[in-house]
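Participant: structure here, sequence nowhere to be found:
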DNA sequence: CTATGATTCAAACGCTTGTTTGAAACAGCG
DNA sequence: CGCTGTTTCAAACAAGCGTTTGAATCATAG
């Protein structure tokens, strides 16, 4: 019997991520979280101050990483004079898939992320916009460089659709039953589909 | 001062739809709903039996209509020997947009629908699958008639993405701020974008 | 009119929620 | 060892939840 290796804070974050993905932010109670983390109920308020702060910390733990990967991928694309629209899309999509492939709860976090989009919680939206907004803006600028004929308003409308599709594809939210092949392989194929799909949609007149 | 025109049941359904869209099913309480509907708290359990039944009734009120419109649109496409892939997609997408354009809460309902997809509530998923599943299957059969080269597994994967994109596009979930033109006009353009976007994605090799 | 069934209402039910409390247990330094 | 600051713990808090109750009100048929 190995004793628990992770700290109380880490165990709370992991359990919270899992339960937020499964039941939503309002649907998962602190008693569920602390029971799953094998931690005292009061530990959440001791270490995080409140449930809202815990929610933000669940996001921050992974969003910083995702944003950094995307910025780096975008910089590589910018430096390449032969880069195509597909390369820009790959710089946007692959880091998200990479995060979802993180062996310790990455896919779970992507499900949490989709929850955040679906919920209209004002505080959460603001927090996410502050973490996502800046990077998204950089991508929009680069997309427009590859699609000079596309009006700005049109560009935003189509990117909106792509972001939604990306979120859905990454979280297996669909009603369709999957085959039982390795989910890693499935996700790799999903990335290719998404890139082709998005590129075709963006290039449409 | 005009007295209330709608019945108690109708006012509850309308208020519930609005609040479920805004705060989710767990997040919106029956006290909020009944207060917003200007109705006694006990009226929900009297007219619907339980909160779960109320949720189902909110869906049934609009889903029957949407399914009927989609089936009819698909039948028209099937009867037309010159119908294209875009026509099948239009038969799938336009009825959903029509529902969202219903002047009395249609767009609100679409937001509720997106909530249902985001939430993993087992009972809700089952209920929606029973209402959506049959029609979706018919559409898959017709899509495959227009894309004989596309493997069944591939077809499902791409339709999954399209369904997600449709849901997101219909609900303005994106972080991008819209222009202030008429939202009806915006939605009409969205439908065209979605159809072109989806057709390009489906036709990609 | 009275009588009957449907509807509304205020109040309370037991239960769960996030948060707070103060004591107990622990760790590490002098 | 004793002392100090950190962390854990059981217990309780007020507030909100879905649901139930029984009386009051309403509409309508006899």
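Facilitator: Structure's in. What do you need? Since the structure is predicted, the reported quantities are computational estimates derived from the model, not experimental observations. Numbering: from 1, shown residues only, chains lettered A, B, ... in the order given.

Participant: please identify the helix or strand for the residue positioned nearest the centre of chain A.
Facilitator: For chain A, the residue sitting closest to the mean C-alpha position, by Cα atoms, centre = their mean, is residue A:110 at 4.5 Å. Assignment of secondary structure by DSSP states H and E places residue A:110 within helix A:106-118.

Participant: pLDDT below threshold where in chain A?
Facilitator: In the predicted model, chain A carries pLDDT under 70 at residues A:1-4, A:118, A:120, A:161, A:165, A:168-190, A:193, A:204-205.

Participant: tell me which helix or strand comes right after the longest helix along chain A.
Facilitator: Longest among the helix segments of chain A by residue count, using DSSP state H, is helix A:51-79. Following the chain from helix A:51-79 toward its C-terminal end, the next helix or strand by DSSP H and E is helix A:85-101.

Participant: okay, the angle between that next one and helix A:106-118?
Facilitator: Counting by axes from the mean of the first three to the mean of the last three Cα atoms, to 10 degrees, helix A:85-101 lies at 110 degrees to helix A:106-118.

Participant: residues making contact with helix A:85-101?
Facilitator: A:62, A:65-66, A:69-70, A:73-74, A:76-77, A:80, A:106-107, A:109-110, A:139, A:142-143, A:146-147, A:162, A:166, A:170, A:184, A:187-188, A:190-191, A:194-196, A:198-199, A:202-203 (Cβ atoms under 8 Å, 6 or more residues apart in numbering or on different chains). Glycine gets a C-beta too; all of them are placed from N, C-alpha and C.

Participant: need the buried ones from these selected in PyMOL.
Facilitator: In PyMOL, selecting the buried portion of these, with burial taken from 16 or more other Cβ atoms under 10 Å in any protein chain shown, looks like this:
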select buried, chain A and resi 62+65+66+69+70+73+74+77+106+107+109+110+139+142+143+146+147+162+166+170+187+190+191+194+195+196+198+199+202
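
Participant: next, count neighbours for residue A:115.
Facilitator: The number of residues packed near residue A:115 is 23, by other Cβ atoms under 10 Å in any protein chain shown.

Participant: and the gap between it and residue A:47?
Facilitator: Distance of residue A:115 to residue A:47, computed by Cβ to Cβ, to the nearest Å: 22 Å.

Participant: how about residue A:148, secondary structure?
Facilitator: coil (DSSP: H, G, I helix; E, B strand; the rest coil).

Participant: neighbours of residue A:79, how many?
Facilitator: Residue A:79: 8 neighbours (other Cβ under 10 Å).

Participant: contacting residues around it?
Facilitator: Neighbours of residue A:79 in contact, by Cβ under 8 Å, 6+ apart: none.

Participant: now residue A:55: closest residue in space that isn't a chain neighbour?
Facilitator: With Cβ to Cβ, 6 or more residues apart in numbering or on different chains as the criterion, residue A:55 has its nearest non-adjacent residue at 5.7 Å, and that residue is residue A:25.

Participant: hmm, the strand or helix carrying residue A:143 touching DNA strand C?
Facilitator: When secondary structure is defined by DSSP H and E, residue A:143 falls within helix A:122-146. No - no part of helix A:122-146 sits near DNA strand C under the criterion Cβ under 7 Å from any atom of the strand; the closest distance found is 12.0 Å.

Participant: mind giving me the packing neighbours of that helix?
Facilitator: Helices and strands in packing contact with helix A:122-146 are listed as helix A:51-79, helix A:85-101, helix A:106-118, helix A:152-171; criterion 3 or more Cβ pairs under 8 Å, 6 or more residues apart in numbering or on different chains; DSSP states H and E.

Participant: could you export those helices as JSON lines, including distance to DNA strand D?
Facilitator: Formatted as JSON lines, the helices and strands packed on helix A:122-146 follow (distance: least, Cβ to the nearest atom of the strand, whole Å):
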{"stretch": "helix A:51-79", "distance to DNA strand D": "13"}
{"stretch": "helix A:85-101", "distance to DNA strand D": "28"}
{"stretch": "helix A:106-118", "distance to DNA strand D": "19"}
{"stretch": "helix A:152-171", "distance to DNA strand D": "26"}
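
Participant: looking at those helices, which is nearest to residue B:135?
Facilitator: With Cβ to Cβ as the measure, helix A:152-171 is the member of those nearest residue B:135 (19.0 Å).

Participant: correct me, but residue A:74 touches residue A:138?
Facilitator: Yes - counting by Cβ atoms under 8 Å, residue A:74 sits close enough to residue A:138 to count as a contact (6.1 Å).

Participant: give the other helices and strands that the helix holding residue A:110 contacts.
Facilitator: Using 3+ Cβ pairs under 8 Å, 6+ apart as the test, helix A:106-118 ends up in contact with helix A:8-23, helix A:51-79, helix A:85-101, helix A:122-146, helix A:152-171, helix B:106-118.

Participant: distance to residue B:18 added to the ones you listed, as TSV?
Facilitator: Converted to TSV, these look like this (distance: least, Cβ to Cβ, whole Å):
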stretch	distance to residue B:18
helix A:8-23	23
helix A:51-79	24
helix A:85-101	32
helix A:122-146	16
helix A:152-171	22
helix B:106-118	6
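
Participant: nearest to residue B:35, of these?
Facilitator: Proximity to residue B:35, assessed across the helices and strands packed on helix A:106-118 by Cβ to Cβ, is greatest for helix B:106-118 (17.6 Å).

Participant: now stretch A:58-65: buried residues?
Facilitator: The neighbour-count criterion (16+ other Cβ under 10 Å) identifies A:58-59, A:62-63, A:65 as the buried residues of stretch A:58-65.

Participant: my read: residue A:9 touches residue A:46, true?
Facilitator: No - Residue A:9 sits out of contact with residue A:46 when judged by Cβ under 8 Å, with a separation of 9.7 Å.
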